[in-house]
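A.B. asks: here is my input; please provide its structure:
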Amino acid sequence: MKRITLFAVALAMLAVAFGTLASGQTDGDAAPIYGVKIPSGYRDWPLVSVARVGGPVNDIRAKLGNDVAIRAFRAGTNPFPDGTVIARLAWRQVTSDENNAVFRSAMLAQRLSPDVIQKVLSESSVAGPPTNVQFMIKDSKKYTSTGGWGFAQFTDGKPDGEAVHKTCFPCHAPAKDRDFVFTHYSR
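C.D. replies: Below you'll find the predicted structure:
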């Protein structure tokens, strides 16, 4: 009897572990509306593209994709297949005094005008503190009312509120002809 009980417990633990691995999502809190969790290992996904957004947002963004997303981007697949996951990591854009000191020295050595130097230094920036991470997960059966996509935004590892998540799909609606994805693959 003990063997059967131990076997049942081991089988249940294996099913839970496999379910977590299969979903690719961590055990953290799920975002409201779509139920999306932070996918495990997303920080190791390949880079799709980068972007910069000016004021008032003022951030630098990296777009990453899981294997399904990368294959679809490279092949130009539209619509994206189910299982596609796109991550968007954002950092506050900040001026780098260290970089600017190096650039200033190099530009002075080239005898560039003060106006040119000031313009270059005012546009030089780096990624500062992280702001949030967002995800788009393609599941055409689960998310039929939002073009087949589930959305999530997390700040400091916690899902943002329902009000934020209600803005996701309407924001992506203008990209309907590209399956609601703004990002282009950088070759």
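
A.B. asks: measure stretch 92-101 end to end?
C.D. replies: Counting by Cα to Cα, to the nearest Å, you get 21 Å between the two ends of stretch 92-101.

A.B. asks: the lowest-mean-pLDDT helix or strand in the chain: what's the following helix or strand?
C.D. replies: Each helix and strand of the chain was given a mean pLDDT (mean pLDDT, DSSP states H and E); the minimum falls on helix 2-23 at a mean of 36. Later in the chain than helix 2-23, the nearest helix or strand by DSSP states H and E is strand 47-53.

A.B. asks: avg pLDDT for the longest strand anywhere in the chain?
C.D. replies: Longest strand in the chain, counting residues (DSSP state E): strand 126-138. The average pLDDT for strand 126-138 rounds to 93.

A.B. asks: same check, this time on stretch 171-186
C.D. replies: Mean predicted confidence for stretch 171-186 is 94.

A.B. asks: assign a three-state SS to Leu112, would you?
C.D. replies: coil (DSSP: H, G, I helix; E, B strand; the rest coil).

A.B. asks: per-residue confidence at it?
C.D. replies: Value for Leu112, per-residue pLDDT: 70.

A.B. asks: use 35 as the first number for this chain going forward.
C.D. replies: From this message on, residue numbering opens at 35, which makes the last subject Leu146.

A.B. asks: phi, psi of Ile67?
C.D. replies: For Ile67, the backbone dihedrals (degrees, to the nearest 10) come out as phi 70, psi -60.

A.B. asks: actually, Asp213.
C.D. replies: phi 60, psi 40.

A.B. asks: so it touches Met170, yeah?
C.D. replies: No - Asp213 is beyond contact range of Met170, at 9.8 Å (criterion: Cβ atoms under 8 Å). (C-beta placed from N, C-alpha, C; glycine too.)

A.B. asks: quick one, which of the two is more surrounded?
C.D. replies: More crowded of Asp213 and Met170, by other Cβ atoms under 10 Å: Met170, with 31 against 18.
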